[in-house]
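S.K.: Sequence unavailable; structure follows:
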Ligand SMILES: Nc1ncnc2c1ncn2[C@@H]1O[C@H](COP(=O)(O)OP(=O)(O)OP(=O)(O)O)[C@@H](O)[C@H]1O
């Protein structure tokens with residue numbers, strides 16, 4: 001059966017390493033010539049019709065799994081093997097491409113002995129799996145790290161996320177894909193806010209190869225913060241994370257879909273795409289950003305920090321949650337109708353030309369620091385004269401600011417998680433190499449570390465998973481409603497940066513500080529409301545690991 005021959009009408013890209021002739025499951029009358037190369041599974045029906053019409057060539061890059069099986073409790077001596085593919089296919093009704101499931105199942109009955117048929121089926125299933133794993137690991141000529149097989153996954157599903165359909169989506173799409181890929185998973189349905197955070201804070205992580213959420217971005221925010229609250233945070237945050245879109249925004253899911261090189265898709269197609277990437281199990285590093293607020297503990301963020309128009313729309317549209325992602329459109333129109341100006345002070349540490357930024361001690365002296373050295377208290381002898389405070393408020397005496405700051409502590413050091421080497425305490429003046437934005441009237445401030453802010457908002461088109469940048473956007477006051485609407489519409493395809501709008505500023509930074517002036521307002525981190533008031537942030541390049549295909 002295994003004749004190891006070249007198939008004369010193969011694709012010619014690589015030689016056939018395994019060949020067999022089997023019956024097609026579902027149509028036993030049809031026999032097929034099945035050839036396996038290093039890159040493809042080629043199935044050719046042995047009928048009189050012209051060859052090209054009878055041939056299916058499936059790339060092993062698109063294969064999530066292959067298994068051998070037989071029919072229990074029957075006298076049938078045959079064995080079977082089934083391979084599962086999710087190739088990108090052109091849509092029928094609209095332009096674009098989405099992944100669609102193809103199963104190829106074969107019946108092996110050439111031998112009398114059921115055991116011999118089973119062994120042959122297992123040999124094929126193993127060969128398909130091994131070759132598709134090799135194809136997965138080699139992406140763009142680069143060797144990617146891969147989760148072990150089979151991998152054990154904790155899958156946290158928020159039944160309330162989005163339109164409340166995450167569990168149904170799991171049942172309809174994901175369960176089957178995970179079984180096909182032989183991913184062992186334990187399903188945990190979250191029951192209250194912070195349930196996921198508590199679970200991962202206490203979990204025995206040696207039991208899991210990956211922690212995956214099926215929800216909106218809020219549940220991943222909980223998982224990341226839960227991991228970084230552990231005493232063993234350094235090891236814990238290395239646990240590969242995964243996302244399956246089940247919320248209304250699904251920004252990280254849309255970002256990893258975008259990084260995979262795929263074109264925009266609708267929600268259910270995004271779910272299949274992310275399910276496929278999850279089954280492939282390729283792991284990359286992902287940037288995290290530490291966030292300091294006045295009196296709350298330090299937080300970690302994987303997506304965004306927002307103030308002004310976008311934060312308001314996100315939170316004010318919560319009341320339309322039942323209608324899904326359309327809530328953002330309605331929220332945008334409502335807020336546009338009564339456009340607000342947000343007053344505050346914004347400063348940032350730009351990305352240095354050489355790509356490196358100096359680090360500071362708590363006393364603002366520039367040098368590289370060890371975590372232990374950050375345990376110091378801020379010095380009253382700061383050498384930095386051109387500070388955030390004194391450059392913006394010349395009537396505020398530096399001395400009085402300094403006396404305030406000497407009472408503050410470097411709060412990061414008492415907590416688990418990496419120390420922040422670029423940030424002085426929040427109530428202390430900023431170093432001289434920070435840029436202070438001259439304007440103090442804004443329509444919005446948005447710091448992004450991934451490409452998408454929502455499924456249909458490509459905010460930072462050139463962002464990558466671990467570029468080490470905070471992509472800082474702000475829109476100055478004075479923009480007309482119509483110009484703002486045009487910008488927001490352009491964001492859908494990431495065209496806003498080319499729109500030449502004088503009011504929009506985009507820059508790449510390592511750290512930032514925002515000090516809103518109004519006593520009330522909304523600040524969001526990864527779409528979740530946090531304490532309103534002064535806030536600062538620093539990026540930690542590649543701190544987390546994400547299954548991203
Ligand atoms: N069973 C539950 N009941 C109520 N809230 C929950 C439950 N499980 C999780 N949560 C909370 O729901 C909040 C929203 O979740 P999530 O962000 O994942 O969904 P979403 O808001 O619909 O999606 P998106 O952020 O994409 O808009 C999170 O803060 C999470 O803590």
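M.R.: Great, that's in hand. All values derive from a computational prediction rather than experimental measurement.

S.K.: For the residue lying farthest from the centre of the chain, which residues are in contact?
M.R.: For the chain, the residue at maximal distance from the C-alpha centroid (CA atoms, centre = their mean) is residue 112, at 50.5 Å. Residues in contact with residue 112 (CB atoms under 8 Å, 6 or more residues apart in numbering) are residue 77. The C-beta positions use only the backbone N, C-alpha and C, and glycine is treated the same way.

S.K.: how far away is it from residue 186?
M.R.: Note on residue 112: its distance to residue 186, by CB to CB, to the nearest Å, is 42 Å.

S.K.: Show the backbone phi and psi for residue 197.
M.R.: phi -60, psi -50 (degrees, to the nearest 10).

S.K.: same check, this time on residue 220
M.R.: Main-chain torsions, residue 220, degrees, to the nearest 10: phi -70, psi -40.

S.K.: Am I right that residue 213 is in contact with residue 156?
M.R.: Yes - using CB atoms under 8 Å, residue 213 makes contact with residue 156 at a distance of 4.9 Å.

S.K.: which residues are common contacts for those two?
M.R.: Contact criterion CB under 8 Å, 6+ apart; residues shared by residue 213 and residue 156: 196, 219, 223.

S.K.: which one of residue 213 and residue 156 has more residues nearby?
M.R.: residue 213 (32 against 24; other CB atoms under 10 Å).

S.K.: and the helix or strand that contains the more buried one, which residues are buried?
M.R.: Following DSSP states H and E, one finds residue 213 within strand 210-215. Neighbour-count burial for strand 210-215 flags 210, 211, 212, 213, 214, 215 (criterion: 16 or more other CB atoms under 10 Å).

S.K.: now stretch 218-231
M.R.: Buried residues in stretch 218-231, counted by 16+ other CB under 10 Å: 218-230.

S.K.: Stretch 261-268 now?
M.R.: Residues of stretch 261-268 classed as buried: 262, 264, 265, 267 (neighbour count, 16+ other CB under 10 Å).

S.K.: With respect to pLDDT, which of the residues you listed ranks lowest?
M.R.: In terms of pLDDT, residue 264 ranks lowest among the buried residues of stretch 261-268, with 77.

S.K.: Find the nearest non-adjacent residue to residue 456, please.
M.R.: In space, and not counting its chain neighbours, residue 456 is closest to residue 492: 5.2 Å by CB to CB, 6 or more residues apart in numbering.

S.K.: now do residue 499
M.R.: Spatially, and ignoring its direct neighbours in sequence, residue 499 is nearest to residue 490 (5.2 Å; CB to CB, 6+ apart).

S.K.: ok so, going back, and which of the shared contacts of residue 213 and residue 156 is nearest the ligand?
M.R.: Nearest to the ligand among the shared contacts of residue 213 and residue 156 is residue 219, at 3.9 Å by CB to the nearest ligand atom.

S.K.: helix/strand/coil for that closest one?
M.R.: Under DSSP: H, G, I helix; E, B strand; the rest coil, residue 219 falls in the helix class.

S.K.: just checking, it touches residue 188?
M.R.: No - counting by CB under 8 Å, residue 219 sits too far from residue 188 to count as a contact (10.8 Å).

S.K.: Overlap in contacts, the two.
M.R.: Listed as contacting both residue 219 and residue 188 by CB under 8 Å, 6+ apart are residue 156.

S.K.: can you list the weak-confidence ranges in the stretch 51-200 of the chain?
M.R.: For the stretch 51-200 of the chain, the stretches flagged by pLDDT under 70 are 51-52, 73, 93-94, 136-145.

S.K.: any chance you could map the strands in it?
M.R.: With DSSP state E, counting those that start in this stretch, the ranges of strands along the stretch 51-200 of the chain come out as 55-59, 63-69, 79-85, 88-90, 97-99, 102-108, 138-139, 142-143, 145-146, 152-157, 184-189.
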